[in-house]
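In: Have a look; sequence and predicted model below, questions after that.
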Amino acid sequence: MPNLLEVLEALGNFKIFLKACEEGGLKAMLGYEGDFTIFTPNDEAFGNMHSAVKDNIFKEPHLMMDLILHHCVEWGLTTRELVQATRLRTLAEDEINLKTKKKKVIYIEGSKILQADIQADNGIIHLIDKVLIPPDLV
């Protein structure tokens, strides 16, 4: 089974996320052994970010690293497990809030999961419609 990096590369609509991973020094992490959950915004979500915030983040590798880690959780969590949670701790050591509507639609910090439970050898990917901005970058 392909790893997280290989799955995202094959999906093809995550070039900006992968670029942020590379420039933030985290692209290799997506290939590590482990069990991660990644809430991955697509290229359109990055396009919808406020340009000043995006420009600021992409100028600084450490801010890109914080941004990517804010989208990652240490355990591979399926939607069945996510609907049971209201908060998760990210690899950036931040907390993100989860809300489930009608027991089917899951929101992470207001970002809707568009496609869930994409399996990889080292975790699970949930595709989301907005970029999650860490609190210290706002």
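Out: Here it is on my side, so go on.

In: helices and strands around the helix or strand of the chain with the lowest mean pLDDT, which ones?
Out: Ranked by mean pLDDT, DSSP states H and E, the weakest helix or strand in the chain is helix 51-59, scoring a mean of 88. For helix 51-59, the elements it packs on are helix 15-23, helix 61-69, judged by 3 or more C-beta pairs under 8 Å, 6 or more residues apart in numbering; DSSP states H and E. C-beta here means a position set from N, CA and C on the backbone, and glycine is covered the same way.

In: Turn the ones you listed into JSON lines, columns for distance to residue 88, mean neighbour count and mean pLDDT.
Out: Shown next, in JSON lines, are these (distance: least, C-beta to C-beta, whole Å; neighbours: other C-beta atoms under 10 Å; pLDDT from 0 to 100):
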{"stretch": "helix 15-23", "distance to residue 88": "19", "mean neighbour count": "19", "mean pLDDT": "91"}
{"stretch": "helix 61-69", "distance to residue 88": "13", "mean neighbour count": "19", "mean pLDDT": "91"}
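
In: Let's see the distance spanning stretch 105-116 from one end to the other.
Out: End-to-end span of stretch 105-116 (C-alpha to C-alpha, to the nearest Å): 10 Å.

In: scratch that, stretch 53-70 is what I was asking about
Out: Per C-alpha to C-alpha, stretch 53-70 runs 15 Å from first to last residue.

In: just to revisit the earlier point, the helices and strands packed on helix 51-59: which one's closest to residue 3?
Out: helix 15-23 (12.7 Å; C-beta to C-beta).

In: what helices or strands is the closest one leaning on?
Out: helix 4-11, helix 43-47, helix 51-59, helix 61-69.

In: Before I go, just wanted to say thanks for your time.
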